[in-house]
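Trainee: next one to model:
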Amino acid sequence: MDNLSMECFSRVIRLHRKVLHRSRRHLSELGFAWNQYSVMKNISPGEALTLSEISARSFKVNSNVTGLVDFLEQKGVVMRVNDPVDRRVVRVKLTDEGIKIRKEVLIKQEEFIVEMFSKISDDEKTAFINSANNVLNGLN
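Mentor: This next block holds a predicted model:
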C-alpha cells in the first residue's frame, strides 16, 4: 500500500472539511447559508435568469433552488419577473438592494479567503494549485 497516497487523500479530505466549515461559518455571520450564497453569487447584476439557469450555474437541483430563491426574495436580494417574450417563464434578478448586498458579501468572502490562505507564500500557493491540477487531470 502506498502510504504517501493515502496521506495525500487524508489531507485533501481534512482540508476540504476545514475550509468548507470555516467558510460556511463566515457566510452565516454575514446572514447567508452556503446554498443561499451560491445562488446569489451566480446571478450577476443586470441578469434575469430562469430557475433552471440558476440551478445549472450553482450546481443545484431545480426543486432546491425554488426555496433558496424564496429566501433571497424575502430578504429583498432578488425578485421574480415575467419573461418579456414568454409570459409562462419566470425569471429571477437582483434587486437594487440585492446588487449592493451581493457586492458586499462577495468582497467580504474574498477577504476571508485571502486571510485564510495568508500563512502560505505565493510560491506555495502556486505549487498547491499545480499539484491539485495534476490530481484533477488524472481523474478525468
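Trainee: roughly how far does residue 50 sit from residue 60?
Mentor: For residue 50, the distance to residue 60 equals 13 Å [C-beta to C-beta, to the nearest Å]. Where you see a C-beta, it was placed from the backbone N, CA and C, and this is true even at glycine.
Trainee: which ones are touching residue 13?
Mentor: For residue 13, no residue meets the contact criterion (C-beta atoms under 8 Å, 6 or more residues apart in numbering).
Trainee: check which helix or strand it maps to.
Mentor: helix 3-29 (DSSP states H and E).
Trainee: same check, this time on residue 52
Mentor: helix 51-58.
Trainee: now that helix: mean pLDDT?
Mentor: For helix 51-58, the mean per-residue pLDDT is 94.
Trainee: and it, what does it pack onto?
Mentor: Here helix 51-58 touches helix 34-41, helix 62-74, strand 90-94, going by 3 or more C-beta pairs under 8 Å, 6 or more residues apart in numbering; DSSP states H and E.
Trainee: looking at the ones you listed, which is nearest to residue 129?
Mentor: When those are compared by C-beta to C-beta, helix 34-41 sits nearest residue 129, at 21.1 Å.
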